[in-house]
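A.B. asks: Next come a sequence and a model predicted from it.
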Amino acid sequence: KNQVEQSPQSLIILEGKNCTLQCNYTVSPFSNLRWYKQDTGRGPVSLTIMTFSENTKSNGRYTATLDADTKQSSLHITASQLSDSASYICVVSAQFSGANNLFFGTGTRLTVIP
Amino acid sequence: DGGITQSPKYLFRKEGQNVTLSCEQNLNHDAMYWYRQDPGQGLRLIYYSQIVNDFQKGDIAEGYSVSREKKESFPLTVTSAQKNPTAFYLCASSIYSGLYNEQFFGPGTRLTVL
């Protein structure tokens, strides 16, 4: 069964600290993996997109890693800011056509406190 | 200002009523999608459309209907047959619905049944 699991479910950190969010998946055959940031009451916004051959991709203070062998990804946030408070969603795309080739994690709710 | 818009932001419905959620995009994207987001769950696909005048059911289409008369517009009707419609609804679009189909999301509509 194609699934995407994220951990932790929620996380609270102090402003300026780093944190790492995890995403494990069983989606097969794998095409690509995306991390989205979703502010409360808003739509998700793409942070990074990674294909099978990519191990690391950065977007400012956000760095995503992918280990296609173990089917794991992480999103590392450096020097967190209050504006990083949001839900972070991992989305894995399978290698078959159609809109139902996307599998969504339930997200990690990050709260950054001053 | 390019993007994808949804209206209204908040919508209240009495039981037994049909309501229509609007989704418009000016990104010239061929594919459009509707998702439902509930607390603690990943996004679930309701309907999607790859081209004008064509659409397919997603994983949870029962109680919903859509139309795609124009490339820019993909309205979703929540009918009285949907037993638990209270949720956050997200519309998305992508250039096409192929394997590398990065989706861009609208701001969402929160529907509450009174």
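C.D. replies: Perfect, I can see it now. Numbers count the residues shown, from 1 in each chain, chains lettered A, B, ... in the order given.
A.B. asks: and B:Gly2, what pLDDT?
C.D. replies: On the pLDDT scale, B:Gly2 is placed at 61.
A.B. asks: What residues are bridge-paired with A:Lys48?
C.D. replies: One thing to correct before we go on: residue A:48 is Thr, not Lys. On the basis of DSSP bridges, A:Thr48 is bridged to A:Trp35.
A.B. asks: burial of it, as a residue count?
C.D. replies: A:Thr48 is flanked by 20 other residues according to other C-beta atoms under 10 Å in any protein chain shown. From N, CA and C alone the C-beta is placed, and that goes for glycine too.
A.B. asks: how near is it to A:Asn55?
C.D. replies: According to C-beta to C-beta, to the nearest Å, A:Thr48 stands 12 Å off from A:Asn55.
A.B. asks: ditto for A:Lys71
C.D. replies: As it turns out, when the distance is counted by C-beta to C-beta, A:Lys71 lies 14 Å from A:Asn55.
A.B. asks: same thing with B:Gly58?
C.D. replies: Look at B:Gly58 and A:Asn55: by C-beta to C-beta, they are 32 Å apart.
A.B. asks: Any chance you could note which residues of chain B sit beside chain A?
C.D. replies: Within chain B, the positions lying close to chain A (C-beta under 8 Å from any C-beta of the partner chain) are B:4, B:6, B:31, B:33, B:40-45, B:48, B:50, B:56, B:58-59, B:88, B:90, B:92, B:97-108, B:110.
A.B. asks: In a strand, B:Phe12, correct?
C.D. replies: Yes: assignment of B:Phe12 by DSSP: H, G, I helix; E, B strand; the rest coil places it within a strand.
A.B. asks: Residue 107: neighbouring residues, count only.
C.D. replies: All of this refers to chain A. The number of residues packed near A:Gly107 is 25, by other C-beta under 10 Å.
A.B. asks: that's the wrong chain, I wanted chain B
C.D. replies: By the other C-beta under 10 Å criterion, the neighbourhood of B:Pro107 contains 16 residues.
A.B. asks: Just give me the residue right at the centre of chain B.
C.D. replies: B:Trp34 (2.8 Å; C-alpha atoms, centre = their mean).
A.B. asks: What strand or helix carries that residue?
C.D. replies: For B:Trp34, the enclosing helix or strand under DSSP states H and E is strand B:31-37.
A.B. asks: Since that was my last question, I'll sign off now.
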